[in-house]
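> Here's my sequence, what's the structure:
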Amino acid sequence: MSVPNITENSVGTIVTYSCNDGYYLNTTEKFPGNSTAVTVTCDDGNWTYGRDDLQCVTICTDEPPAPIGSANSSWNNYTRINGTTVTYSCPNNEIFGNMNSTLNITCVNGTWTFFEEFYRTCSVPCNSNSPPETINNTIRAKNEGFREYEKIRYNCPPNTASLLGERYIELQCQPGSVWNVTSSTNETIEKISRRFKCLDSCPGPAVAPNTNWQSNWTSEFVNGTVIYYTCNSISYPNTSYLLSGDSGDGRSASDILCMGYQNTSYWQTEGGHVSCNVTRDSQTLINTCSNNSWTFVGIPYCLSLLPSTGC
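Next up is the predicted model:
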């Protein structure tokens, strides 16, 4: 604590004592707020202090987290000195995320130890049988205890996905101690165990169609998936290109072009330059997932340009 030079000691003299940077006066029931200074006054021949406790300490400047829902807290509404521990408790038959009925939060170097809200929420234990260690070749992400409504995730190994393009599935402990699948399909464990298998796949889903072109793609992106892309109907004299390049003018050496000429759509895949002398070999571009990669990547799109001279 810093004490200024006292040059006056007559009745009415006021002196301010200040804590050094980073320190605060210890909080008390009478003075629960954050304060870094206190005044001392010469009154009737005696020095009178603005508060009894002049100790400068490290404190948590914020209050500890308020209890959530049915939880209770032991905090006395003012003590926040470094090392203070607040105990939270759940009512009968409920537990926190640490699978205990109590949870401690401590002021350490001016900061309360942190726990996510779900961890500080009381809930009924899941009394169902333990969820399966794995579903086919998935990897279970959590191996701790469980409470009602909590989820457990089963991840596919890297570079794999299900036939529907899922990288993971989740189970949730429902009231009544039943584990249900939390996917949009609302499947039972038995059903999804028969259906969900992690297969070699491409790193991500194929591009979806837009207003200028379309495809038969639904959701799968495992090895062996074949997607057919088709340009929408385009009338002469416009020429439309579907490509995977991202150069400024929409062309690159890896362009995949969808040409519209005389009301006929066809593909050019032999380079990135517009040519009138192209072979109308197909109206459909095929994109295949093989060896964990697509035939082409990027975001295809269609462009409309005037045909070259001589077309």
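
> Now the closest residue to residue 174 other than its chain neighbours: which helix or strand?
Nearest non-adjacent residue to residue 174, counting by Cβ to Cβ, 6 or more residues apart in numbering: residue 180, 5.3 Å away. Glycine gets a C-beta too; all of them are placed from N, C-alpha and C. Per DSSP states H and E, residue 180 falls inside strand 178-181.

> show me what contacts the residue lying closest to residue 137 once chain neighbours are set aside?
Once flanking residues are discounted, residue 137 sits nearest to residue 198: 5.1 Å by Cβ to Cβ, 6+ apart. Shown in contact with residue 198 (Cβ atoms under 8 Å, 6 or more residues apart in numbering): 136, 137, 138, 156, 157, 160, 161, 162.

> show me what contacts the third one?
Residues in contact with residue 138 (Cβ under 8 Å, 6+ apart) are 154, 155, 156, 157, 168, 169, 196, 198.

> List only buried entries from the residues you listed.
154, 156, 168, 169, 196, 198 (16 or more other Cβ atoms under 10 Å).

> Spit out the contact partners of the nearest residue to the fourth one once chain neighbours are set aside.
What that stands for is residue 169. Nearest residue to residue 169 in three dimensions, chain neighbours excluded: residue 154, at 5.3 Å (Cβ to Cβ, 6+ apart). Counting by Cβ under 8 Å, 6+ apart, residue 154 touches 134, 135, 138, 139, 140, 141, 168, 169, 170, 171.

> what is residue 154 paired to in the beta sheet?
Residue 154 has these beta-bridge partners by DSSP bridges: residue 140, residue 169.

> can you tell me how far it sits from residue 195?
13 Å (Cβ to Cβ, to the nearest Å).

> Then residue 34?
As judged by Cβ to Cβ, residue 34 and residue 195 stand 58 Å apart.

> before we move on, back to that, quick check: mean pLDDT of the next helix or strand after the strand holding residue 180?
Moving toward the C-terminus from strand 178-181, the next helix or strand (DSSP H and E) is helix 189-195. Here helix 189-195 scores 80 as its mean pLDDT.

> Counting by contacts, list what helix 189-195 packs against.
strand 178-181 (3 or more Cβ pairs under 8 Å, 6 or more residues apart in numbering; DSSP states H and E).

> what comes into contact with the strand it packs on?
The contact list for strand 178-181 (Cβ under 8 Å, 6+ apart) reads 128, 131, 169-174, 186-189, 192.

> What subset of these is buried?
Here, 16+ other Cβ under 10 Å leaves 131, 169, 171, 172, 173, 187, 189, 192 buried among the contacts of strand 178-181.

> Turn the residues you listed into a markdown table, columns for distance to residue 123.
What follows is the buried ones among the contacts of strand 178-181, written out as a markdown table (distance: Cβ to Cβ, whole Å):
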| residue | distance to residue 123 |
| --- | --- |
| 131 | 16 |
| 169 | 22 |
| 171 | 16 |
| 172 | 12 |
| 173 | 10 |
| 187 | 25 |
| 189 | 21 |
| 192 | 25 |
